[in-house]
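Peer 1: Sequence below, structure please.
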Amino acid sequence: MSFYWKDDDQTQHHGVGVTRQVSIQGAFISSKSVLPLHAHIKLQVFLPPSRRTIYPVQLVGEGQVVCVNAVPDGERPGAFALEGSRFVLPQEFFPSSR
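Peer 2: I've put the predicted structure just below:
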């Protein structure tokens, strides 16, 4: 998964992580990036191909960081919880109806 957020100076940051839980209400993400509590983030989740698809499926969503579990040594990933909008398939996933 990949995610983006802006700091107080409006500088955009990028991070990557792994999710253990995704639901319609949010996600729990492990990452070496330490995000500030209440940060607004946009993210992309990539699901592996299934028997019906040959390409990975991408979901997009956004939300707010509601919990941060930072690891002080910086060697191991910390984690954060995101609460927000539903994850959806991007519009380009759907074939046009021409």
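
Peer 1: number of nearby residues for residue 38?
Peer 2: By other CB atoms under 10 Å, the residues close to residue 38 number 9. Where you see a C-beta, it was placed from the backbone N, CA and C, and this is true even at glycine.

Peer 1: So it versus residue 82, what's the distance?
Peer 2: Remark: distance between residue 38 and residue 82 (CB to CB, to the nearest Å) = 11 Å.

Peer 1: Overlap of the contact sets of these two?
Peer 2: When contacts are counted by CB atoms under 8 Å, 6 or more residues apart in numbering, residue 38 and residue 82 have 64, 65, 66 as shared neighbours.

Peer 1: Out of these, which sit inside helices?
Peer 2: Using DSSP state H, no member of the shared contacts of residue 38 and residue 82 sits in helices.

Peer 1: which one of those has the most neighbours?
Peer 2: Ranked by the number of neighbours (other CB under 10 Å), the shared contacts of residue 38 and residue 82 place residue 65 first, at 21 neighbours.

Peer 1: Isn't that one up against residue 81?
Peer 2: Yes: Residue 65 is within contact range of residue 81, at 7.1 Å (criterion: CB atoms under 8 Å).

Peer 1: Sheet-wise, list the partners of the element among helices and strands of the chain having the smallest mean pLDDT with their directions.
Peer 2: When the helices and strands of the chain are scored by mean pLDDT, DSSP states H and E, strand 18-23 comes last with a mean of 81. Strand 18-23 sits in its sheet next to strand 26-31 (antiparallel), going by DSSP bridges.

Peer 1: Give me the phi and psi for the residue lying closest to residue 44 once chain neighbours are set aside.
Peer 2: Distances taken as CB to CB, 6 or more residues apart in numbering place residue 2 nearest to residue 44, at 4.9 Å, with adjacent residues excluded. As for residue 2, its main-chain torsions (degrees, to the nearest 10) stand at phi -130, psi 140.

Peer 1: For residue 2, give its distance to residue 27.
Peer 2: The gap separating residue 2 from residue 27 is 13 Å, by CB to CB.

Peer 1: which outside residues touch stretch 42-55?
Peer 2: 1-5, 19, 22, 27, 29, 56-62, 82, 87.
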